[in-house]
Structure formats: C-alpha cells, structure tokens
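Colleague: from the sequence below, what's the structure:
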Amino acid sequence: MSELVLETRALVKRFDEGPQVLEILHGIDMQVARGEFVAIVGSSGSGKTTLLHLLGGLDTPTSGEVRICGEDFSQCNEVKRGWLRNRHIGFVYQFHHLLPEFTALENVCMPLLLRDGSIAEAEQAATALLQRVGLGERLQHKPSELSGGERQRVALARALVTKPAVVLADEPTGNLDNETSQYTQDLLQELNRELGIGFVIVTHDTALANRASRILRMDRGRLVDA
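Modeller: Numbering: from 1, shown residues only. Next comes the predicted model:
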C-alpha cells in the first residue's frame, strides 16, 4: 500500500447517558493512503459524523488510536493536536463556517497566519488557490457577497492552503443545488488528482460517493466495505 496518511486502530466511542452507556463506534479499523478519495456512506445515526470528528481530532476516542502521518493523534494534548491538525488536516463542512467579517482572501489566509507565517506568503498561496477554484475575481468579497457555491469553494481553498495530507469533508455538497453540487464534485475530484491530497468524505450524495476510489459504509457503528 502507498504511504498511509490516516489510520485508526480498534477505535471506540461511547457516551454515558445517565445509567446507560451508549456506544456509537465499535472498534473501527481503517486506513487512508496518500492521494486516496474515500467516501463514507450510511444512514443517519450510523456514526459517520462521530467518526469524522475523531479522525480530525475534534473529539477524543474512548479507546483505540487515530494516527495522522504516523503519529498517534488521539492521545495528544490539545496543543499538540492543534499543531498536527494545522499541518496535516483540512476541513470542509456542509456549512462553510467562513468568518463573516473577513474577505475570501483573508479567510483562506487564516490557517497559514496561525502558523505565524508571513502575510505576503499567505496571500500568495491563498490567491493561487482561489484562482484555481475559479474565484480570482472574488478575492475581496466577504461571504455575504458570495453565492452558496462560491462560499463552499472558499472553504475548500481554505482547507487546501496548508497543503494537508488529508482533507476531511462532512456533506460538502449537502447544502448546494444540483448544478452547483455537480461543479463542486468535479472540483473535488480534480483537486484530489492534481494535488495528491487524500480526501475522506462523509456524504449522502450517491453521485459524489460513486466518484470515490473506495466507498466505506457505516452500519450501526461499524465500518464495512460498501
């Protein structure tokens, strides 16, 4: 197998609900190689979003490991997790989560500025990515001045600007109309091929899932090949 960028080992997540214990994930083992395009599908409540949060270090597992580029991500303190996230992981959500007071360019610069990088270098990298996703004429527009599809493309550029090992996407086309969804699907696939960055996408969108190199299905907290 090619170089692994993301791996889980016996991953379990449970919550205490009063006297009951609710186990959401039951010993998940998965591997994602550099440049793979993986779709995770399954019914609502099957554990997809919980898994994605653990993969991205936004939550910690009850037991088991999440490894990002060979490092055990799950047991790090919050400072180290933040450092690893910023260097190795990009995030795209159904709702863009752009900062409304900042322009498209400033939003995409933000992950690089959090590394204490130079403003000039951050703007150069952000401009190049915004041009690549077709927003070269929208650099100084704020989110309120952009369409839903344009906002999602800004969010995608922001996820990619740090040159992460893997991008985690939660329903990235779920809030878009059919035409914009099709464009976004094309763009995701093109960027995956061009940049060699792995994508792990949770989706209910059958058309998007069918573009993946591998489809995994969540079924009541377990991960199986689709």
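
Colleague: every contact and neighbour count from this point should use C-alpha atoms.
Modeller: Will do.

Colleague: report the central residue of the chain.
Modeller: Closest to where the C-alpha atoms of the chain average out (CA atoms, centre = their mean) is residue 168, at 1.8 Å.

Colleague: spit out the contact partners of that residue.
Modeller: 52, 56, 89, 90, 91, 92, 199, 200, 201 (CA atoms under 8 Å, 6 or more residues apart in numbering).

Colleague: and it, that's in a strand?
Modeller: Yes. Applying DSSP: H, G, I helix; E, B strand; the rest coil, one finds residue 168 inside a strand.

Colleague: hang on, residue 141 in a strand?
Modeller: No. Residue 141 is assigned coil when assessed by three-state DSSP, not a strand.

Colleague: so what's it up against?
Modeller: 103, 104.

Colleague: any idea of the angle the longest helix along the chain forms with strand 166-170?
Modeller: Secondary structure of the chain per DSSP state H: the longest helix is helix 178-195. With axes from the mean of the first three to the mean of the last three CA atoms, to 10 degrees applied, the angle from helix 178-195 to strand 166-170 works out at 170 degrees.

Colleague: report all helices and strands that helix 178-195 contacts.
Modeller: helix 148-160 (3 or more CA pairs under 8 Å, 6 or more residues apart in numbering; DSSP states H and E).

Colleague: name the helices or strands packed onto the helix it packs on?
Modeller: Judged by 3+ CA pairs under 8 Å, 6+ apart, the packing partners of helix 148-160 are strand 89-92, helix 104-113, helix 119-132, helix 178-195.

Colleague: buried stuff in the second one?
Modeller: Residues of helix 104-113 classed as buried: 104, 105, 106, 107, 108, 109, 110, 111, 112 (neighbour count, 16 or more other CA atoms under 10 Å).

Colleague: excluding covalently adjacent residues, which one is nearest to the first one?
Modeller: Distance criterion CA to CA, 6 or more residues apart in numbering; nearest residue to residue 104, sequence neighbours excluded, is residue 139 at 5.3 Å.

Colleague: contacts only, for the one you found.
Modeller: 103, 104, 105, 127, 130.

Colleague: please put the alpha-carbon coordinates of the helix or strand bottoming out on mean pLDDT in the chain into CSV.
Modeller: One helix or strand of the chain scores below all others by mean pLDDT, DSSP states H and E: strand 222-225, with a mean of 80. Provided in CSV are the C-alpha atoms of strand 222-225 (Å, rounded to 0.1, in the frame of the first residue of the first chain):
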residue,chain,number,x,y,z
ARG,A,222,-19.3,-0.5,12.4
LEU,A,223,-17.4,0.2,9.2
VAL,A,224,-17.8,-2.2,6.3
ASP,A,225,-16.9,-2.2,2.6
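
Colleague: strand partners (parallel or antiparallel) of that strand?
Modeller: strand 214-219 (antiparallel) (DSSP bridges).
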